[in-house]
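Colleague: Sequence unavailable; structure follows:
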């Protein structure tokens, strides 16, 4: 009987991707089967994130619950991976000596050997080094069940924004070779994948080596991905304004497969705060990027990241952020209260913004963003949208659910056999976080897409 594996994942889509690859690796090398029930697992793994406040405490709180199971079943293996593991290293064992494995984001490909060593020696195995590209060379081919897949094309970060811990937990930027990326996408398409999301901490900073000895930039990579037979939609996250090239802008004119949704973190609308954050772009440069993309792709859904209450942020600085939100019409963005990350330059700055002021500003920002999201959704009512069907809705088993090119969730009636396929849906109702629609039968349809939401044909 195969051993059972349970992975609890915190954080970003990159961590979700890593967890899926861990599960595939341990299935391939150790014959393990994934279980959603943590209590019946033989191996428990935490894939952690250290970007937000109290990340470490969440980890140790979870480990505390698992400790009771370990006492009852000494053969149970508990491992901590991801960014908290990279940041804390062997210190995790000081607080939780019952942990068997500690591994970083770049060393989870060594899990089978670490697991074998820990069981043989009955001592914890720790590896939080940064071997970079070795990981992808050692992982088995990606296997997916569904029409969507994530593909990690680059990892790490060399920007060193003053508030961010990623360069210290995931290492410097490195890109996978161009041929490796395209080969993985071709393999996924052969498995039935129709939409890929390209992943990276600064995904548009991709610079992959080619077989001819050159370097492939991110914008050009998109053109090659669009040529893969079976791939009908391309997304990417997370991008950085400093690496947004003219080639990437042109892709929105040339590639109908490229989704009409751009997630481009701005963090603040204040030039002074952007300088203190070491973001490497101006507000004006951000405006230029969005204007250029929207010129090629009218109706673009624009989302972003915001940090509220960065050290020294004044009311005028925050007002500049609100003004930028009004101007850019962001919809459904991620906004967070600033919290100091250990080891980052910003952690040394005096945190002069009172907690109550931070919370008030965050509420005002989120209220504005929520209003924008609802307005964007209402503008889609009556339009025909191309939706990739995920399956039966978890909230209403009588409906299907899927996502539009704008990354909006749509619920509509239809047969389960449509799962994994693209269908046309006419939007009938807008809600703050989702849409309702009716399945459009192509040969009897009379509705048409609204001009603002139509993806342009390839040039």
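Modeller: Sure thing, it's come through. Just so we're clear, the structure is a prediction, and the values are computed from it rather than from any experiment. Numbering: from 1, shown residues only.
Colleague: just the strands in the stretch 201-350 of the chain please.
Modeller: Under the criterion DSSP state E, counting those that start in this stretch, the stretch 201-350 of the chain carries strands at the ranges 207-209, 215-217, 233-237, 261-263, 301-303, 305-308, 334-337.
Colleague: Just tell me which of those strands ends up closest to residue 194.
Modeller: In terms of Cβ to Cβ, the element of the strands of the stretch 201-350 of the chain nearest to residue 194 is strand 233-237, at 6.7 Å. C-betas here are computed from N, CA, C, even on glycine.
Colleague: Would you mind pulling the contact partners of the closest one?
Modeller: Applying Cβ atoms under 8 Å, 6 or more residues apart in numbering, the contact partners of strand 233-237 are 13, 194-200, 203-204, 218, 222, 225-226, 255, 257-259, 261, 263, 388, 405, 407, 422.
Colleague: Tell me the pLDDT of residue 156.
Modeller: For residue 156, the model assigns a pLDDT of 91.
Colleague: same question, residue 119
Modeller: pLDDT, residue 119: 94.
Colleague: Might you report the residue contacts of it?
Modeller: residue 77.
Colleague: Reduced to three states, what does it come out as?
Modeller: Assigned with DSSP: H, G, I helix; E, B strand; the rest coil, residue 119 falls in the helix class.
Colleague: One more: residue 58?
Modeller: helix.
Colleague: neighbours around the closest residue to it other than its chain neighbours, how many?
Modeller: In this structure, residue 58 finds its nearest non-sequential neighbour in residue 10, 6.6 Å apart by Cβ to Cβ, 6 or more residues apart in numbering. If you count neighbours by other Cβ atoms under 10 Å, residue 10 ends up with 21.
Colleague: Just to check, residue 10 is in contact with residue 50?
Modeller: No - here residue 10 lies out of contact with residue 50, judged by Cβ atoms under 8 Å, at a distance of 9.1 Å.
Colleague: neighbours around residue 434, how many?
Modeller: Based on other Cβ under 10 Å, the number of other residues close to residue 434 is 16.
Colleague: typo on my end, residue 139
Modeller: If we define neighbours as other Cβ under 10 Å, then residue 139 has 17 of them.
Colleague: ditto for residue 317
Modeller: 21.
Colleague: again with residue 3
Modeller: Look at residue 3: counted by other Cβ under 10 Å, it has 16 neighbours.
Colleague: List the contacts of the residue nearest to it when sequence neighbours are not counted.
Modeller: Counting by Cβ to Cβ, 6+ apart, the nearest residue to residue 3 once its immediate chain neighbours are dropped is residue 42, at 4.1 Å. Residues counted as contacts of residue 42 (Cβ under 8 Å, 6+ apart) are 3, 4, 5, 32, 75, 76, 77.
Colleague: From the residues you listed, which land in strands?
Modeller: Applying DSSP state E to the contacts of residue 42, the entries found in strands are 4, 5, 77.
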